[in-house]
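> Have a look; sequence and predicted model below, questions after that.
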Amino acid sequence: NGYASVQKLEDFNKLLEAVVKYNQHFGKHGVEAMGGYSWQYFVNEGDRTTATGFLSDEFKWYSLQAASSVTSVNTFKVTNTLISFYGRANYNYDDRFLLTGTLRRDGSSRFGSGNKWGMFPSGSAAWRISREKFFHVKPISDLKLRVSYGVTGNQEIGNLASQQTLGATSSGYIVGGQRITTVLPQQYANPNLKWEQTAQFDAGIDYSLFEGRLRGTIDYYVKKTTDLLLRIPV
């Protein structure tokens, strides 16, 4: 009976980034700073047509109008936007004491109207003991203690999850001998949908033995995710 399907998918995105950096050293003190802005726009669109009932396979998929029945027509376009402001500052004293602070503010079109923006800070500190004058352990060429805490966000839930959506049915109804297309709700709105957040505390030791021939790391961390993004049928 013949079957043909034509599908076209297109994905593209636009990206704009602006970054400013600062770097300065004052004797044993070193300061580095960075600030930036990022704008990303994502587009996913496509169409698909399926037909059956061909007199001949000579047409292949180049002439769907030759089919006796077009069984499915589907087109779509989905977009989302992500905007970010971020900054980071590093302080270094004599390569012994190291401090880092980072702050991000991200906005995603995927969340509810009052929850599109999230704030995600982090900080870390390190002490390179092997640089101290009192440290005299020949097998150990480098020893550093460090601690950090930070919060990151997750927005990977797909598009339109916070909005009530409508969709056309494929079957519809027959009224007076004509097929009437119907539009029905597909999902409830969720204006409270917001960023999933993961907070992590980390404490560790980095060491190097025998002039760098042997290196290792010992870590202890606690990681906790809140406001988990999970789709549940209602």
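Arrived safely.

> Let me see the ranges of the strands in this structure.
Taking DSSP state E as the test, the strands found in the chain are 3-26, 29-52, 69-93, 97-108, 117-128, 140-154, 165-168, 173-175, 178-180, 183-187, 196-209, 214-226.

> Report the buried residues of the first one.
For strand 3-26, a neighbour-count test (16 or more other CB atoms under 10 Å) marks Ala4 as buried. The C-beta positions use only the backbone N, C-alpha and C, and glycine is treated the same way.

> What of the fifth one?
Along strand 117-128, the positions that meet the burial threshold by neighbour count (16+ other CB under 10 Å) are Gly118, Phe120, Ser122, Ser124, Ala126, Arg128.

> Next: the second one.
Of the residues in strand 29-52, those scored as buried under the neighbour-count criterion (16+ other CB under 10 Å) are Gly30, Ser38, Phe42, Thr49, Thr50, Ala51, Thr52.

> With pLDDT and distance to Asp142 added, can I get those in JSON lines?
JSON lines is the format used below for those (pLDDT from 0 to 100; distance: CB to CB, whole Å):
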{"residue": "Gly30", "pLDDT": "94", "distance to Asp142": "18"}
{"residue": "Ser38", "pLDDT": "97", "distance to Asp142": "35"}
{"residue": "Phe42", "pLDDT": "96", "distance to Asp142": "43"}
{"residue": "Thr49", "pLDDT": "92", "distance to Asp142": "64"}
{"residue": "Thr50", "pLDDT": "92", "distance to Asp142": "64"}
{"residue": "Ala51", "pLDDT": "91", "distance to Asp142": "69"}
{"residue": "Thr52", "pLDDT": "91", "distance to Asp142": "71"}
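
> Pick the one among those closest to Tyr188.
Set against Tyr188, the nearest of those by CB to CB is Phe42 (24.3 Å).

> contacting residues around that closest one?
Asp11, Phe12, Asn13, Thr79, Asn80, Thr81, Leu82 (CB atoms under 8 Å, 6 or more residues apart in numbering).

> Make CSV from those residues and add distance to Leu229 and pLDDT to it.
Shown next, in CSV, are the contacts of Phe42 (distance: CB to CB, whole Å; pLDDT from 0 to 100):
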residue, distance to Leu229, pLDDT
Asp11, 22, 95
Phe12, 25, 94
Asn13, 21, 95
Thr79, 19, 94
Asn80, 14, 94
Thr81, 18, 96
Leu82, 15, 96
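
> any chance of those in a markdown table, with distance to Asp94 too?
Putting the contacts of Phe42 into a markdown table (distance: CB to CB, whole Å) gives the following:
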| residue | distance to Asp94 |
| --- | --- |
| Asp11 | 49 |
| Phe12 | 49 |
| Asn13 | 44 |
| Thr79 | 50 |
| Asn80 | 46 |
| Thr81 | 44 |
| Leu82 | 39 |
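
> ok, of these, which one's closest to Leu64?
So of these, ranked by how close each gets to Leu64 (CB to CB), first place is Asp11, at 24.1 Å.

> if we can go back for a sec, please name whichever of the buried residues of strand 117-128 scores lowest on pLDDT.
Lowest pLDDT of the buried residues of strand 117-128: Arg128, 91.

> which among the buried residues of strand 29-52 gets closest to Gly112?
Ranked by distance to Gly112 (CB to CB), the buried residues of strand 29-52 are led by Phe42 at 19.0 Å.

> can you pull up the bridge partners for the closest one?
On the basis of DSSP bridges, Phe42 is bridged to Asn13, Asn80.

> who are the neighbours in contact with the closest residue to Glu211 other than its chain neighbours?
Leaving aside its sequence neighbours, Glu211 sits nearest to Ser141 (CB to CB, 6 or more residues apart in numbering; 5.1 Å). Residues in contact with Ser141 (CB under 8 Å, 6+ apart) are Ser130, Ser208, Leu209, Phe210, Glu211, Gly212.
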